[in-house]
Each structure stands twice: as structure tokens, then as C-alpha cells.
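Peer 1: how would this look folded up:
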Amino acid sequence: MGTGLLACAVLACGSVLAKQAAAPQPAAPVAPSSPPDDISRLARTPAQLLAYIQAAAEKQNYQGVFMYQQGENTQSSRMVHVVDASGERERVETLDGQPRIYLRHNDQVQYLQPDRKTVRRDSRHTVRFPGLLQSDPAQVLNYYKLKVLDKLNREAGRECRTVLLEPRDALRYGLRLCVDTQTGLLLKEQTLDSARRIVEQVSFSSVHVGSDVDPARVDSSWDTHDWKVLQPSMKPVDMTAQGWRVAMPDGFKTIMEVARQMGPASGSAARTVSQMVLSDGVVAISLFVEPYDAAKHRHPPAGPIHHGAINIYGKRVAGYWLTALGEVPVATLERVANAVQYTASRPARPAAGAAH
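Peer 2: Okay, here's the model as predicted:
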């Protein structure tokens, strides 16, 4: 359950989240127009600072190695990002374990698995490091407070300033950011719980920013013409019309409702799962609904499952199994899941006097 739904949350949910923003426009590589360490001045307008950080990730050429850390587990990846007349192009390659390559051209994404000779295609991913926002900064600041600290730090050999994005309630995690004082690029992001303990973090260990980044490095080095291609199978649905009622946490809005084919897993047939995605502009919550299967849903049991900053909460609702998944505290997922109600839809009655 965790693997399949987690993949959906990252691939499919993100594809719609990204489409909430304006489509990327072709542009030549440009650096933020502000002078070095202009972050201090921009901090007087928090929305402008957040937009500045997001633009730095989208409109500059850069390459480097970043590390994702969750507890004792770490994974290193090499990233190349370029902007040209066709828009944004990006390549991320894992450096540990089996090789995996993620390729993006604007809103088109490919995930390459050389050991399986498989290409998974999708549309626009969710905002990933060093990106930050999935909606308008002003909307985000209704639910997060922004603080800029005076002390400068260093990450990946570059000077950066610490920026805190603190939630205004207990529904969300906080973020501690370190932002390059010269380019505005996000160099480090830490997810913090209510006690300011680090839940997970991602940071560059080395990075170079500039127009001299080789555009050829975003291309795949493998010939994939005979690889198996996987395309997502999903269609829009109206879960409210199906009888589902979801009480939204403050600041979250429904941005996607689809039915998708999951699997088939080994020894089982493909199944249809309905999915609703909620977002507050920084994080997303996915609600997956499928018919209850006593044998399958006995493991894992109802209740929470932790996966770093991503938590999962499952429970039975009427004749269905509901899974809430998101990068929010598990208490938030439990609150959302326990507020979900299902009322079986009934066929409409014929109008009075209608012919039989």
C-alpha cells in the first residue's frame, strides 16, 4: 500500500498541483535581479521573499549534488537544471543503490529504471527541492509566518541566510531554509515538528550556479527505444456526487479528484482507486478510497504509519478503505480521515408526470 500510494502522491498529485500555477513561459537563463544578500531587504515583504526563492529555482541554470536525509537513512542525487528557449529542463540521478533518473521538460516527466528497462511517463511533478511553493505566496502566508534570521551560515561552500517558515497552527510542519545570499537559490531545507526537531532534510553538498552549466547534461545517456513505457491511467471524478463528504482543514482546498488504476501487484488484479488531493500551497494531502478487502486491509492495520515527514493513516469507512497520506503531522491526517463521511448515492427520481 505504502509504495503504490506514495508513488501516486508524488507523481499524480504533483502533476495537478503544479498546474495550479501559470504554465512556464520560455525564457533565457537569468539570475534574480537583486544584488547579493538582498534577502535582508526582501524580508520586509515576506510574499516577495518567497516568490524570490521560487523564481531562483525556476529561472537559473545550476548543477550539483544534494542529499536527502531521514533518520539514519540518506540518499544522494546529482541534479542538473537549465532554462532555454523551450523552458525548463531538469535531470536528477540517484547516486546510491539502483540507478534511477528523473527527467523533466516543463510539465512533462519521465522516470527511468535501467535495471527494469522501464520508463514511467507523467505530467508535471510536484514542486521539488530547490523549489518551494505550489501556490501564490500571499495565500501561503495566511497559514505560515516568515522570519529571517540575522546570522549568516554556509552550505555547500556558499554563504546563505536562514529563513523560517513557521505554521500558525498545529496542522502543519515548519520549515527551516538556508537561502543563497548571492543567487536566492535554496541550499538547504529542513522539515521541523512542533518541538523544532528535524523530521527530514535535503541540502546541496556541492552546487554551481551560472549560465556555463552544460545543457547537454540534462539528456539521458541511455537508449530507451526498446524499454517498456508506463502511462498513468486516470480520469476525473466527482467524489461528492459519489457520496463522499470531506471536512477541509483550515487553509486546504480540493485541487484534484480522479479515479486511477492501481497495480496489478504480484498475484493480484488491477483495482480502481478514487483519489482526492488537498493543498495549502506548501504541502498536499491525498485521500485514497477503494472497496474494502478484509484480507488485504488487515495488513497494515488501521491507524498511522510513519515515513519521515510523510505520514499515512488508514481506516475503514462503510464498505470502503480510506488512506490519508501527506507531508503533515499524523494528527492532521487522523483528523481529516475521522471527519470523512460516506452516504451512498441514490438514483434520481423521475420527474412527476414522466412517461413510463
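
Peer 1: how many other residues sit next to residue 74?
Peer 2: Using other Cβ atoms under 10 Å, residue 74 has 11 neighbouring residues. Backbone N, C-alpha and C define where each C-beta goes, glycine included.

Peer 1: who does it bridge with?
Peer 2: residue 69 (DSSP bridges).

Peer 1: next, find the distance separating it from residue 216.
Peer 2: 29 Å (Cβ to Cβ, to the nearest Å).

Peer 1: all helices for the stretch 51-200 of the chain, in order.
Peer 2: 137-140 (DSSP state H, counting those that start in this stretch).

Peer 1: hey, where'd the strands end up in it?
Peer 2: Assigned by DSSP state E, counting those that start in this stretch, the stretch 51-200 of the chain shows strands spanning 62-70, 73-84, 87-94, 101-105, 108-113, 118-123, 144-155, 158-167, 174-180, 186-192, 198-209.

Peer 1: and the ones you listed: which comes nearest residue 232?
Peer 2: Closest approach to residue 232 among the strands of the stretch 51-200 of the chain (Cβ to Cβ): strand 118-123, 5.6 Å.

Peer 1: show me what that closest one is packed against.
Peer 2: When contacts are defined as 3 or more Cβ pairs under 8 Å, 6 or more residues apart in numbering; DSSP states H and E, strand 118-123 sits against helix 14-19, strand 108-113, strand 228-230.

Peer 1: okay, now the sheet partners of it, with direction.
Peer 2: For strand 118-123, pairing defined by DSSP bridges yields strand 108-113 (antiparallel), strand 228-230 (parallel).

Peer 1: run through who's touching the shortest one.
Peer 2: Surrounding strand 228-230, the residues in contact under the criterion Cβ atoms under 8 Å, 6 or more residues apart in numbering are 116, 117, 118, 119, 120, 121.

Peer 1: who's in contact with the fifth one?
Peer 2: So the one you mean is residue 120. So residue 120 contacts 11, 110, 111, 113, 229, 230 (Cβ under 8 Å, 6+ apart).

Peer 1: next, find the distance separating it from residue 102.
Peer 2: 10 Å.

Peer 1: so what sits against both of these two?
Peer 2: Counting by Cβ under 8 Å, 6+ apart, the common neighbours of residue 120 and residue 102 are 110, 111.

Peer 1: re earlier: which one of the contacts of strand 228-230 is nearest residue 305?
Peer 2: residue 120 (23.8 Å).

Peer 1: any chance you could map the strands in the stretch 251-356 of the chain?
Peer 2: Under DSSP E, counting those that start in this stretch, the stretch 251-356 of the chain gives strands at 253-262, 271-279, 284-291, 303-307, 310-317, 320-326, 341-342.
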